[in-house]
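> fold the following for me, if possible:
(one chain, ligands or ions: 1)
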Amino acid sequence: MHAVVCIGWTVVVVILISLGLLGRIIFLFWFWPAVARRRLLRGGFSGPRPSFPRGNLTEMYCNRKVVVEGPLINARGAVDVISHDIHSAVFPYFATWTKIFGKVFVYWVGTEPFVYIAEPEFLKQVTTSGGMEKKWGKPNVFKHDRMPMFGNGLLMVEGDDWTHHRHIVARAFSTTNLNAMIGMMVESTAEMLDDWSSRMAAAEAGGREIDVEKDIIRNAAEIIAKTSFGIIQENGKKVFEKLQHMQTMLFKSDRLVGVPFSKILSPRQSYEAWKLGKEIDGLLLDIIRSRKENPGSAPAGGGDQKDLLGFLLEGMDGGEGGRRKLTSRELVEECKTFFFGGHETTALALTWTLLLLALYPQWQKALREEIMEVSAGQPLTPHMLSKLTKMGWVWNEVLRLYSPAPNVQRQAREEVVIGEVVIPKGTNMWVDVVGMHHDRALWGDDVNEFKPERFKDHINGGCKHRMGFIPFGFGGRICIGRNLTILEYKVVLSLILRKFVLSVSPAYIHSPKIMLTLRPSQGVPLMLHHL
Ligand code: HEM
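Below is the predicted model of the structure:
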């Protein structure tokens, strides 16, 4: 009798728990999205009709056409100038929807609503004006998905933790600290250029074709690994190989982000990303532990060079202003954030630049002359780099046309009200950086032309709105690595242009594509000649 009662109660408890779970699932994935949709429509937003459970993902990915232009060299052997009008190639769905719904509308990633924004004035009003910034955090849907990559590093933390991390990390990115890293950048790049030279020695006269994208990414990964956590040893190499592997894995499963239980749909990828995350954390913790035990141990190339981790540890030891130190776990997550946030973006800015300089030899010549004049073949110094003005214009124009970070996202932590417009708590925001950087209304009729001189007299390139040019994001969360990245850009580009002349290979196919970042999906084969 007693046993029967026990079984009865167990069944009741199991049923209640199941009903509770079912209720929560229905609330999260059906009821809340339905209410949010009604409120957004009532608040004046239009947009494509979503379906359950994929939202608008089917239109976004399944029917997707990748626009490929090329080959670049026409039948007469002459270079055809390729089009930089890339918005409809990389975001065909947004290009179609903006024609129907305008520059602000709502679309759905699975059961998650996203307000699409390609209108800088609207962006300004909802994010930076009148204390709005505090109302926005990072989308939970991406946070969970990219946890093994960024953890709770600076890119993802919010609130007081963000203020605390940003304060500590910013000190590591001071000009003095960054300048001390030039040696490491030169060292890695010199190895890459020596490799190019030896590959050229084996080639026939007339130059050698090299897919610069792969090598530039590898070089940038090595530089960021050295400058972040000082690694050159086998242990360190393992870390960055695993980090790169994890990035590929997470991108593959990215396609189902926002769809309920998507992790269960790709269990192998989720498990492997988790496992890789654990291995990387373990290796980084070892590096941190040994650096804490031997604070004087030099990173990378030895001597008095320091990496970002070294500066973070040093800052912590000061126990500044009674602030809490970063824990070892937080340091691991910052190191991963530097790696993921820092290497591919910088490498892509460099890769697109090499392509554009190969396409526009007059600019290649102008930059080479500037470098020769400023450095006269001597080792690069911070002072020399600061005098590379034209290179600065080219840098900005590349970031405008081929922005490595093609979008920025946020999620409303509380209700956002701007006049008649109401954005419910929990709604996400997707800022289309590529869309704004290619908007004729903001830049004029030459919007899709490569014209670095537009930055000669205007820091904003003559864009009609202050927030229409945002390669590094906006507001308080603007990229913390932007001074590091321009330094690396100038060092690597100067070393390449001092040694090689670049032209476009007939094999190049112009096919930019979004893979988290904006990448040349078919690589960038260039013809290299010694100067
Ligand atoms: C061309 C190169 C780069 C581009 C285009 C770029 C772009 C961006 C953008 C758009 C954001 C804002 C993200 C948001 O608001 O959600 C950002 C933030 C960030 N970037 Fe970069 N980045 C570059 C290089 C770097 C480098 C070299 C590092 C570090 C080594 C870095 C580390 C970060 C971090 C930690 C944040 C988060 C800042 C915060 O939320 O306080 N980035 N970056």
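
> next helix or strand past the longest helix anywhere in the chain?
Ranked by residue count, the top helix of the chain under DSSP state H comes out as helix 328-359. For helix 328-359, the following helix or strand on the C-terminal side (DSSP states H and E) is helix 361-375.

> quick one: the closest residue to the ligand within the chain from E59, how far?
Relative to the ligand, the nearest point of the chain is G481 (2.2 Å; Cβ to the nearest ligand atom). Yep, even glycine has a C-beta here, placed from its N, CA and C like the rest. With distances taken as Cβ to Cβ, to the nearest Å, G481 is found 34 Å from E59.

> which one's more surrounded, these two?
G481 (24 against 19; other Cβ atoms under 10 Å).

> returning to what we had before: how far away from the center of its chain is the longest helix of the chain?
7 Å (Cα atoms, centre = their mean, to the nearest Å).

> so it versus helix 361-375, what angle?
Counting by axes from the mean of the first three to the mean of the last three Cα atoms, to 10 degrees, helix 328-359 lies at 120 degrees to helix 361-375.

> buried residues of helix 328-359, list them for me.
Residues of helix 328-359 classed as buried: 330-359 (neighbour count, 16 or more other Cβ atoms under 10 Å).

> cool, stretch 152-170 as well?
Result for stretch 152-170 [16+ other Cβ under 10 Å]: buried residues N152, G153, L154, L155, M156, V157, E158, W162, H165, I168, V169.

> phi, psi for the fourth one please.
Taking degrees, to the nearest 10, you get phi -60, psi -30 for the backbone angles of L155.

> for the helix or strand containing K214, name the packing helices and strands.
Using DSSP H and E, K214 sits within helix 212-229. With contacts taken as 3 or more Cβ pairs under 8 Å, 6 or more residues apart in numbering; DSSP states H and E, helix 212-229 sits against helix 182-201, helix 234-253, helix 267-293, helix 308-317, helix 328-359, helix 482-499.

> can you give me the helices in the stretch 1-150 of the chain?
Secondary structure of the stretch 1-150 of the chain, counting by DSSP state H, counting those that start in this stretch: helices at 2-26, 32-42, 57, 87-90, 92-101, 120-123, 140-145, 147-150.

> list the contacts of the most centrally placed residue in the chain.
Central residue of the chain (Cα atoms, centre = their mean): A405, 4.4 Å from the mean position. Contact analysis of A405 by Cβ atoms under 8 Å, 6 or more residues apart in numbering lists T345, V433, P471, F472, G473, C479, T517, L518.

> now it: how far from S129?
Distance from A405 to S129, by Cβ to Cβ: 23 Å.

> surely R519 and K513 touch.
Yes: counting by Cβ atoms under 8 Å, R519 does reach K513; the two are 5.8 Å apart.

> the two: which is more packed in?
R519 (24 against 16).

> does that one belong to a helix, a strand or coil?
strand (DSSP: H, G, I helix; E, B strand; the rest coil).

> from here on, call the first residue 2.
Okay, using 2 as the starting number, the last item reads as R520.

> roughly how far does the residue nearest to Q245 when sequence neighbours are not counted sit from L389?
Closest residue to Q245 apart from its sequence neighbours, by Cβ to Cβ, 6 or more residues apart in numbering: A222 at 6.5 Å. As judged by Cβ to Cβ, A222 and L389 stand 24 Å apart.

> cool, and Y108?
Taken as Cβ to Cβ, the span from Y108 to L389 is 41 Å.
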